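> Sequence unavailable; structure follows:
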Ligand code: ADP
Ligand code: MG
């Protein structure tokens, strides 16, 4: 006889835990969200061995009352909703009342907490879902949760974990995203005893980016804001000089939650299109506020899917807004000649939180100075004050003391200060600009040196030429004024099934580009005409190049956008190699370049012009000492 067993609670919990707790990063996510829900203005997260050995989350939020502590660890225990009426919120905000229960089922958890009303706090230990200890302790207001030995009692799950370093990188990603989605909360993130980043919680997204990604990136951001029918988006766009090689720096939030969305990525990338080289992606942090009636959110503890109503209109609006925002900017990368010491990300010395101190004391770890202890033990210090004073603590106990004697967080250099670029008053394309530049000559047969106001501009003639040609080509293309050049004899190409289908779908587009192609029987096609201006390009290869790209990439969009894509590719072919050029030719090209809307980037996103300021040059010659 087959016996059907009813599983005991601990087994059920262990199984259920798999839904919420997949890896250390999912534990951190739940715990930090709880801290924020509890109104914390400061949250510290520490991990050891990628979070597998230890995760500690300390907050200065509302704390959990002694009598409620055990309840908090029961499955479906939540203080955030009381009935099924709140179920919509439950789903959309991810309140399921099972995070603590799930985490405790698969690790050793120690919780320390105190509410503002209570005089003493509580320490609760629960391992594998079984209560081990509960005692009253002295503690400041807030909550600390320590999660040790994740999956110690579920070896198969543990085996699925990646190397500590990889798991740690997932936690780091998450922490960065959480910090950027909660600019009003001060975050501290510690990995294996070392501070990774610290944010002040002063609501300044740019400063957070500075602290996470460093000065180089923070100095190249454009504020962005767009309000459209049904949604608002604001954030920061990275200038093309900081474009990345993957999509990890396209950071999007919808209504405060970090999400990944192919639709938004595509829209943003299209907006950036002319500034993006192939296989490059923008840096951007964008917060979308979308009317809840217009989104369909499917929350799973480990991922989140969002569907947006009226997607095509949304896509167009985002794309256009980004395009416009980039266009009004001066995009000439500024070259810094001096070997600036590589700007260090701010590094702070670890100052343990009170609970952590206690833990360290108990395990005979080094004791911190009496001064820190004093400040923390003043129970009259309210949470916010408590955390606001933290920077002062850093200052007093690190070498940075002198710079921060007023107790303020050391100012983030480069943040909010005008970069050289912004010193440009006139745009290059202003009417007066033409009279102001002077061509000094050609360098390496490739670059032009141009004096312009207090700048030395260096133009890549290849890129500039390409840009001008592209614009000419696009203009003719849009005006249906493409000129074709006859090939005699024709070139015969053989297409495979996919290529043939693809060609047939885009027959009209090839025609619009200036191709004259006829069926030649079977899978053969005869190319009798090609677009004009294909300097130095083998006509058959050019046809294949366009076709390959069409086959490879599922090119989507309106017929018009597809045609423009193809024209972009076509233009790639219409570029001359490097050549020696006369001053007259240079002048003609520069003048034409300067009439363009965006003269600063070639169609593939490479810069056409870089600049070097007089200041930088004088600095290099040590005429200016700074
Ligand atoms: P949920 O967050 O869905 O309510 P959890 O299992 O994550 O479920 O938490 C259970 C309850 O424990 C919460 O509803 C809250 O009352 C309490 N809690 C958890 N973490 C904290 C915290 N850091 N500060 C204050 N209360 C907390
Ligand atoms: Mg929760």
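That came through, no problem. All figures in this text were calculated on a predicted structure; none of them were measured in a lab. Ligands and ions are numbered 1, 2, ... in the order given.
> Can you give me the domain assignment for this protein?
9-192, 215-335, 421-626 (automatic domain parsing).
> To ligand 1, which of those domains lies closest?
Relative to ligand 1, the nearest member of the domains of the chain by CB to the nearest ligand atom is domain 9-192, separated by 3.1 Å. C-betas here are computed from N, CA, C, even on glycine.
> quick revisit: kindly reformat the domains of the chain as CSV containing distance to residue 199.
Listed next are those as CSV, based on distance: least, CB to CB, whole Å:
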stretch, distance to residue 199
domain 9-192, 5
domain 215-335, 12
domain 421-626, 25
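> Make JSON lines out of those and add mean pLDDT, mean neighbour count and distance to ligand 1.
Converted to JSON lines, the domains of the chain look like this (pLDDT from 0 to 100; neighbours: other CB atoms under 10 Å; distance: least, CB to the nearest ligand atom, whole Å):
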{"stretch": "domain 9-192", "mean pLDDT": "88", "mean neighbour count": "19", "distance to ligand 1": "3"}
{"stretch": "domain 215-335", "mean pLDDT": "85", "mean neighbour count": "17", "distance to ligand 1": "10"}
{"stretch": "domain 421-626", "mean pLDDT": "74", "mean neighbour count": "16", "distance to ligand 1": "38"}
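> Distance to ligand 2 added to these, as a markdown table?
Formatted as a markdown table, these follow (distance: least, CB to the ion, whole Å):
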| stretch | distance to ligand 2 |
| --- | --- |
| domain 9-192 | 4 |
| domain 215-335 | 10 |
| domain 421-626 | 38 |
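> The residue nearest the centre of the chain: what's it in contact with?
For the chain, the residue whose C-alpha lies nearest the mean C-alpha position (CA atoms, centre = their mean) is residue 249; its distance is 2.8 Å. Taking CB atoms under 8 Å, 6 or more residues apart in numbering as the criterion, residue 249 is in contact with 238, 281, 282, 283, 284.
> On the strand side of things, show who the last one bridges to.
With DSSP bridges as the criterion, the beta-bridge partners of residue 284 are residue 237, residue 250.
> mind starting the numbering at 880 from now?
In the new numbering, first residue 880, that becomes residue 1163.
> which residues sit in contact with it?
Under the criterion of CB under 8 Å, 6+ apart, the contact partners of residue 1163 comprise 1103, 1114, 1115, 1116, 1117, 1128, 1129, 1130, 1147.
> biggest separation within those residues, which pair?
Maximum pairwise distance among those (CB to CB): 14.7 Å, between 1103 and 1128.
> and which of the contacts of residue 1128 is nearest residue 1063?
For these, the minimum distance to residue 1063 (CB to CB) is 20.7 Å, reached by residue 1163.
> where's the closest one relative to residue 1039, distance?
Distance check for residue 1163 against residue 1039: by CB to CB, to the nearest Å, it reads 33 Å.
> Report the separation between the two terminal residues of stretch 988-1006.
Length of stretch 988-1006, first residue to last, CA to CA, to the nearest Å: 6 Å.
> ok now it, how far from the chain's centre?
Relative to the centre of its chain, stretch 988-1006 is centred 36 Å away, using CA atoms, centre = their mean, to the nearest Å.
> Show me what that stretch is in contact with.
Around stretch 988-1006, the neighbours that count as contacts under CB under 8 Å, 6+ apart are 941-945, 948-949, 952, 979, 982-983, 986-987, 1010-1027, 1234, 1237, 1261-1262.
> ok, 6 Å please
The set of residues that contact stretch 988-1006 without belonging to it, under CB atoms under 6 Å, 6 or more residues apart in numbering, is 942-945, 948, 952, 983, 987, 1011-1018, 1020, 1022-1026, 1234.
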